[in-house]
Structure formats: structure tokens, C-alpha cells
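Asker: sequence and predicted structure are below.
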Amino acid sequence: MQKDEQGAMSVNKRYVTVLKECVARHRGEILNDFGDGSLCCFGSATEALRCAIEMQQKFQLQPEVPLRIGVHVGEIFFEDDKVFGDGVNVASRVQSLGIANSILFSSQINTQIKNQQEFKSISVGRFHFKNVDEPMEIFALINEGLQVPKKEELTGKLKEVEKKSAINKWITTAAAIIVLAVSYFIYQNFFHTSGFSREKTIAVLPFENVAGPDNEEYVSDGITQDIISNLSKISSLQKVIAWFSVRGFKKTTKSLKEIAEELGVAAILSGTIERHEGKVHIIAELVEVGTNKRLWGDDFEYDSKDILSIKSKVTAEIIAALKVNLSPEEKMNLTKNYTDNPEAYRLYRKGRWFWDKRTKESYDSAESNYKRALELDPDYALAYAGLADCYTFNQKGLSQMEAIPIARDYTNKALMLDSNLTEALTTKAFIQSHFDYDWKGAKAVFEKIIREGPNYSIAHQYYGNVLILTGNIDAGINETKKALALDPLSSVLNMVLGRDYYHARRYEQAITQLQKTITLSPKFLSAYWHLGNTFLQKEMYSEAIVAYSKLPPTSFDLGVNGTLLLCQAYSFSGDKKKARNKLQMISKEDYTKIDPLLVAEFYISQGNIDEALGQLKRGFDSHSIMMIGLKVDPFLDPIRNEPRFKALLKKMNLE
């Protein structure tokens with residue numbers, strides 16, 4: 001591996017040196033360097049081809065640089081640090097036809113040099129390129145030492161037979177990521193072998209919504225998430241970073257190297273999406289960051305009604321570039337669409353976009369969009385799964401006994417339409433474990449999900465929960481770590497790992513991890529809650545009070561109440577009277593919103609075991625979400641030998 005990397009560095013160094021020398025000698029200008037290729041401009045076709053020939057001759061010497069070159073003449077213009085124009089689009093397609101040590105060019109270039117004896121050329125055929133209206137005749141230089149592609153080797157950015165011609169206005173957009181020049185230019189690209197030279201780990205950055213309104217961002221976000229979802233189901237990819245970790249890099253100024261180091265991946269896919277007058281135009285590029293090797297790049301144009309095929313098309317090309325092995329099931333999943341209605345798909349994606357915001361108002365908007373999608377396509381399984389999530393992660397003020405049956409009904413409808421739908425299976429297993437206390441059944445479902453989609457971080461997270469909550473602590477922590485590797489910037493997963501350490505009584509590790517979570521997300525309330533809990537177990541009372549003081553004084557997410565937690569801290573520290581007095585500050589209405597398990601823990605701190613057990617019974621009867629921690633919660637250790645407590649464990653299948 002080291003020898004390969006050294007060889008690559010040697011080739012790259014030689015490429016840059018020769019490029020600069022030759023371009024300068026022929027009075028050209030390097031407009032952009034892509035690491036594995038460059039874009040240059042020249043004052044004439046003659047100078048461009050002379051430079052191209054000289055470079056190809058030099059690159060036949062050791063260390064050899066396998067280079068393909070395309071030349072075209074066309075108008076260009078600049079905007080900020082980008083170059084646009086017909087020339088950019090066409091030249092990139094001409095060079096894509098080439099092979100190592102070849103020089104191809106358009107008929108416009110051939111017209112200008114055909115009477116010059118120093119250049120010998122031959123037509124290699126007419127080609128219909130992507131985003132170019134008319135077929136173009138392409139020529140190859142056949143001067144001594146140059147290679148001419150055979151007919152079967154002429155594959156590149158060609159238009160598929162079934163696709164219609166693109167309109168002219170898209171040519172400019174297609175070149176938006178290629179920096180170009182004045183009127184004559186040469187575009188080069190290393191002829192690397194596709195595929196990773198290192199581990200197959202990848203992050204898909206949010207596709208940039210170019211020239212589109214912010215309220216349509218859900219389209220670009222949705223396509224990004226669909227590509228991530230497709231790649232996550234491929235078992236031969238070692239790691240695919242989840243959406244929650246990559247979404248923070250939207251419009252980032254960080255370099256690909258910085259992002260790769262932060263996410264722990266070898267390759268990054270990035271791109272842009274533009275919608276205009278019924279067309280969707282996508283440009284994407286996959287780069288292996290460590291070697292600066294361009295593994296793949298292409299652009300696509302579709303009618304808006306064909307948006308459903310975009311994610312499958314892009315994913316398929318990425319997989320081909322990476323030389324990834326696919327099982328028959330994986331091949332089938334890649335081409336699967338859950339609806340044939342483009343508008344239903346957009347409404348579903350809009351629903352997910354609102355759902356990601358995780359507020360009561362956004363959940364209402366998500367539910368509305370899911371239901372509108374189902375009006376257009378009553379058999380849209382993903383929309384049913386989305387509705388289920390609106391009630392599983394309950395922001396509607398409903399009790400568990402009210403919300404979960406609704407979630408279960410929507411989940412069952414989704415699974416009736418597609419029994420292998422990952423999103424619905426995940427919700428099913430969540431309900432089995434967190435509501436039904438069917439730990440064995442949930443464990444089997446999560447194992448099936450992970451077996452078929454090993455890069456699905458949420459399944460690893462929930463499976464880790466099941467293992468932790470049933471007492472298999474070490475295995476649960478390992479599963480959470482797998483989820484965190486797939487979603488390293490997730491504040492939830494970072495908190496969950498800290499909580500796992502807390503349940504394992506590994507308090508020092510819990511404190512370190514929870515403080516890391518707070519650094520990552522200073523406003524993430526659950527991290528302060530679990531940090532305060534951990535400080536209390538360490539008898540660090542003042543630190544616990546500081547942590548709890550960061551929480552709202554009233555009830556918030558999952559029935560947590562900052563005032564009650566402070567009461568508990570005072571009580572554990574020995575000031576039980578102050579704790580009781582502060583408890584009076586909680587209104588009756590707010591008190592009813594507090595999870596019964598938290599109330600039970602307060603009464604344990606007061607030494608009132610009978611009341612604590614009564615609260616736990618209330619929690620069991622109402623299927624309180626926090627009751628799932630009964631077996632592992634350190635605050636409950638003082639009552640573990642109580643017969644009523646043991647009876648509850650047995651009823652919850654935890655004993």
C-alpha cells in the first residue's frame with residue numbers, strides 16, 4: 001500500500017511539473033487543477049495541440065502518466081471563481097471518450113488545423129453527448145506515439161438512446177463546476193483505474209440547491225438522503241455516513257480533507273442540483289480524499305417527472321466506479337421505487353424534511369404532507385412509515401397509550417405493502433421493545449435489518465438499546481459505537497453512548513462522553529440531564545446542580561422536568577427539606593406531565609420507597625417510555641430487592 005501511494009505521488013508530481021512547463025511554453029493558462037486533471041486555455045488551436053502533443057510525449061517517459069486530452073473551441077464566461085460556457089461542457093465530454101495517451105478534438109478544431117502538415121488526424125465517428133443538442137464529429141490526432149481509441153473503447157459522457165435532447169440553456173449550467181477559459185482550451189484527466197485504493201468508506205455531502213428557492217431545499221436534501229439510503233444497504237461498503245452527520249456540511253467552507261478526517265471516511269461524494277422549467281440537472285463527483293483521486297464524476301439531466309429514477313441512476317454509477325460487489329437482492333433494491341407518482345414523492349420528501357426539524361409544529365407539517373402523498377398514491381409504503389414516526393416520536397402531547405397504537409397501525413399498513421421496508425421494520429421493532437416489552441422479537445427484527453443493511457445507523461442504535469436494557473451491556477455499547485461510526489456528528493448518538501456508559505456504571509467514561517456531546521451541541525438538553533445523573537452517582541452534587549440548572553424548569557421532552565431533577569440533587573446531597581420545598585414550585589398541571597419513573601427516583605432520594613414503587617406501577621400501567629430502563633438505571637438500585645420491583649421486572653420481561 002505504501003509503495004502504491006508513493007508511486008501515485010510520484011506520478012502526480014511529474015504531472016504537475018510537466019503541465020506547468022508545457023502550458024507556459026505554449027502561451028497558455030491553467031485555469032483549474034482538479035488534482036487528477038486540469039483545465040487550460042490557449043490563444044489558438046495550434047498552440048493547444050502543440051502543448052497536448054508535447055505533454056503526451058513527455059508522459060511516455062518514466063514515471064509514465066496515463067493521460068487523455070480533449071480539445072474544443074467555444075465561448076466561455078466567468079462568474080466569481082467559476083467558469084461557464086459551451087466550451088466547458090463540450091470539452092469535458094470529448095476528453096471522456098479518450099484512452100491513455102490519446103488526443104481527441106471537435107470538428108471545429110479540426111477545421112482550423114486540417115491544412116497544417118504538423119498535425120495528422122482521423123475521424124473516430126459522430127457522437128451524441130449529454131446536454132449537447134446535435135451529434136458531433138470527433139477527431140483523433142494520429143501523430144507518432146499517440147494512441148487512437150478503438151470503436152469499443154469510445155465510451156464516455158454520451159447521451160442515452162432513450163433520452164431527449166437537452167435545451168441550450170442547460171449547457172451553461174452543466175459546466176458550473178468546471179473552471180474554464182477564454183475561447184480555446186484543453187481539458188485533461190488522469191486515466192485512473194476506478195475503485196478505492198483504500199477502505200470502502202464514503203460520505204455523501206448534501207447536494208447544493210443551485211439557483212433554487214430555499215423552500216425547495218427538501219428536493220436536494222431528499223435526493224441526497226435517498227442516495228445515502230441506497231448505499232447504506234450495500235454490504236460490501238464498509239461505512240456510509242448517515243444524513244444527520246453530513247447535513248451540517250451544507251454550504252461548508254471546509255476542505256474535503258477536513259471533512260473526511262472529521263467523518264472518518266476515505267471518499268466523499270458531492271454535487272449540485274438545479275431545477276428549471278421542468279428540468280432537473282445534477283452534477284456529481286466522487287473523490288478519494290487521501291490520494292486526491294477522482295473516482296467518478298458525471299452530470300445528469302431529467303424531466304421533473306423522471307425525478308424518481310435519479311437516485312437509482314446516481315447510485316448505480318457510483319457502485320460501478322467503486323467496483324462494489326452486489327448481491328441479487330441488493331441489485332433489486334437499487335432499482336426499486338416506492339411510488340410511480342413524482343408529486344407523491346415530493347410530498348413525502350417534504351414531509352421528511354419537516355420531520356427532521358423535530359418540533360411539534362414541524363411534525364404537524366410532516367403529517368400533512370405524508371397524508372397528501374397518500375391521497376395521490378394510497379399504496380405508498382414510505383408515507384405510511386413516515387406517519388408512524390410522527391407518533392412513535394410523539395410531539396403531539398399524546399400519552400404513549402394514545403400515540404403508539406396509531407403508530408402501530410400505520411406501521412402495519414406500510415409492512416402490508418412492503419414486508420421488507422427498512423423504515424417500517426425499524427419502527428415495528430422499536431414498538432416491540434419500547435412499548436410491548438417483546439425484547440426477543442425486537443432483537444430478531446433488528447438483526448434482520450442490520451444483516452440486510454449494515455450501514456443503517458438507526459438500527460444499530462435501537463439494537464444497542466435493546467441489548468443494554470436487557471442487561472447485555474458490553475454488546476450494547478459495541479452496537480452504539482457502530483452506530484456512532486456511521487453517524488459521528490450525531491448529538492443523539494454521542495449522548496446515547498454517554499448514557500450507555502452511565503448504565504454500565506462506567507461513570508468517568510460517561511462524564512467524558514457527555515461533555516464531548518455538549519461541546520458538539522451546547523443546546524442539546526438531554527446531554528445535561530444525563531451528565532447531571534452521572535455526577536449524582538459520583539456524589540459530585542454541586543456539579544450535578546450546575547448541569548440540571550441548564551434544563552428548563554418546566555416539563556419538556558419525554559416528561560423530563562428540570563425543577564424535579566434539582567429537587568433530587570438537593571435530596572441526594574442531604575438537604576431533603578430544601579428538596580421538598582422546591583418541589584412545591586412545580587404546578588399541578590406540570591407535575592402530571594413528568595414521567596412517573598423520574599418521580600419514583602425523587603421519592604427514592606427521599607427514602608419513601610412505598611411512594612416510589614407506586615409511581616413505578618403507574619409508569620408500567622401507562623407504558624411510560626422511561627420504564628424501559630428499569631433493569632439498568634442506577635437510581636433504582638436501592639429498591640431492586642423489593643418484591644414489587646421484581647414483579648415489575650418480570651411483567652416487562654426483564655427478569
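Answerer: Looks like it arrived, so ask away. The model shown is predicted, which means the values in this text are computed figures rather than measured ones.
Asker: pLDDT below threshold where in the stretch 201-350 of the chain?
Answerer: Scanning the stretch 201-350 of the chain for pLDDT under 70 picks out the ranges 211-215.
Asker: what about the helices in it?
Answerer: 217-232, 243-246, 256-263, 310-322, 328-334, 342-355 (DSSP state H, counting those that start in this stretch).
Asker: buried set for the fifth one?
Answerer: If you call a residue buried by 16 or more other Cβ atoms under 10 Å, then helix 328-334 has these buried ones: Glu330, Asn333, Leu334. C-beta here means a position set from N, CA and C on the backbone, and glycine is covered the same way.
Asker: and the last one, by the same measure?
Answerer: With burial defined by 16+ other Cβ under 10 Å, the residues of helix 342-355 counted as buried are Ala344, Tyr345, Arg346, Leu347, Tyr348, Arg349, Lys350, Gly351, Arg352, Trp353, Phe354, Trp355.
Asker: the second one against Ile307, yeah?
Answerer: So the one you mean is Tyr345. Yes. Between Tyr345 and Ile307 a contact is recorded at 6.6 Å, counting by Cβ atoms under 8 Å.
Asker: please work out the average pLDDT along the helix or strand where Gln108 lies.
Answerer: Assessed by DSSP states H and E, Gln108 sits inside helix 107-113. Regarding helix 107-113, the rounded mean pLDDT is 86.
Asker: and the contacts of the helix or strand following it?
Answerer: Per DSSP H and E, the first helix or strand lying C-terminal to helix 107-113 is strand 121-127. Contacting residues not belonging to strand 121-127 are listed as 97, 104-105, 110, 113-114, 135-142, 148-149, 151, 154, 156, 158 [Cβ atoms under 8 Å, 6 or more residues apart in numbering].
Asker: mind listing which of those are in helices?
Answerer: With helices defined by DSSP state H, the entries of the contacts of strand 121-127 inside them are Asn110, Ile113.
Asker: of the contacts of strand 121-127, buried ones?
Answerer: Among the contacts of strand 121-127, those classed as buried by 16+ other Cβ under 10 Å are 97, 104-105, 110, 113, 136, 138-141, 148-149, 154, 156, 158.
Asker: need the buried residues of helix 328-334 in TSV with distance to Val11, can you?
Answerer: What follows is those, written out as TSV (distance: Cβ to Cβ, whole Å):
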residue	distance to Val11
Glu330	34
Asn333	38
Leu334	34
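Asker: closest to Ala547 among these?
Answerer: Set against Ala547, the nearest of the buried residues of helix 328-334 by Cβ to Cβ is Asn333 (44.2 Å).
Asker: list the residues that contact that closest one.
Answerer: Taking Cβ under 8 Å, 6+ apart as the test, what Asn333 contacts is Asn230, Lys233.
Asker: give me that answer again for 7 Å
Answerer: Asn333 is in contact with Lys233, counting by Cβ atoms under 7 Å, 6 or more residues apart in numbering.
Asker: distance of it relative to Lys200?
Answerer: Using Cβ to Cβ, to the nearest Å, Asn333 is found at 18 Å from Lys200.
Asker: same check on Arg352?
Answerer: Applying Cβ to Cβ to Arg352 and Lys200 gives a distance of 27 Å.
Asker: how about Val65?
Answerer: According to Cβ to Cβ, Val65 stands 26 Å off from Lys200.
Asker: who has more neighbours out of these two?
Answerer: Relative neighbour count places Val65 above the other of Val65 and Lys200, with 23 against 18, counting by other Cβ atoms under 10 Å.
Asker: which residue sits closest to the more buried one, ignoring its sequence neighbours?
Answerer: Counting by Cβ to Cβ, 6 or more residues apart in numbering, Phe59 is the residue found nearest to Val65 once chain neighbours are left out, at 4.0 Å.
Asker: where's that neighbour relative to Glu153, distance?
Answerer: If you measure Phe59 against Glu153 using Cβ to Cβ, the figure is 19 Å.
Asker: which one's more surrounded, the two?
Answerer: Under the criterion of other Cβ under 10 Å, the comparison of Phe59 against Glu153 puts Phe59 first, with 20 against 14.
Asker: what pLDDT does that one get?
Answerer: 84.
Asker: thought it was touching Leu67?
Answerer: Yes. If you go by Cβ atoms under 7 Å, Phe59 and Leu67 touch, sitting 5.4 Å apart.
Asker: where in this structure is pLDDT low?
Answerer: Residues of the chain meeting the criterion pLDDT under 70: 1-9, 32-37, 75-89, 131, 156-198, 211-215.
Asker: so which residue is smack in the middle of it?
Answerer: Trp243 (3.3 Å; Cα atoms, centre = their mean).
Asker: quick check: closest non-adjacent residue to it.
Answerer: Nearest non-adjacent residue to Trp243 (Cβ to Cβ, 6+ apart): Gln225, at 5.1 Å.
Asker: look up how far Ile109 lies from the one you found.
Answerer: Applying Cβ to Cβ to Gln225 and Ile109 gives a distance of 43 Å.
Asker: between these two, who's got more neighbours?
Answerer: Set Gln225 next to Ile109 and count neighbours by other Cβ under 10 Å: Ile109 wins out with 26 against 23.
Asker: surely that one and Ile69 touch.
Answerer: No. In this structure, Ile109 is not within contact of Ile69 by Cβ under 7 Å, at 11.5 Å.
Asker: from Gly464, how far off is Leu347?
Answerer: In terms of Cβ to Cβ, Leu347 sits 33 Å off from Gly464.
Asker: check contacts around Phe244.
Answerer: Applying Cβ under 7 Å, 6+ apart, we find Phe244 in contact with Asp487, Ser490.
Asker: same check, this time on Leu387
Answerer: Glu367, Tyr370, Tyr410.
Asker: from those residues, which land in helices?
Answerer: In helices, defined here by DSSP H, the members of the contacts of Leu387 are Glu367, Tyr370, Tyr410.
Asker: Ala383 is in contact with the second one, correct?
Answerer: Yes. Between Tyr370 and Ala383 a contact is recorded at 4.7 Å, counting by Cβ under 7 Å.
Asker: between those two, what contacts are shared?
Answerer: Tyr348.
Asker: of the two, which one has the most company?
Answerer: For Tyr370 versus Ala383, the count of surrounding residues by other Cβ under 10 Å is larger for Ala383: 31 against 28.
Asker: which SSE is the more buried one in?
Answerer: helix 381-392.
Asker: now do the residue located most distally from the centre of the chain against Tyr541, distance only.
Answerer: Computed with Cα atoms, centre = their mean, the maximum C-alpha offset from the centroid of the chain is found at Gln117, amounting to 54.3 Å. Between Gln117 and Tyr541 the computed distance is 92 Å (Cβ to Cβ).
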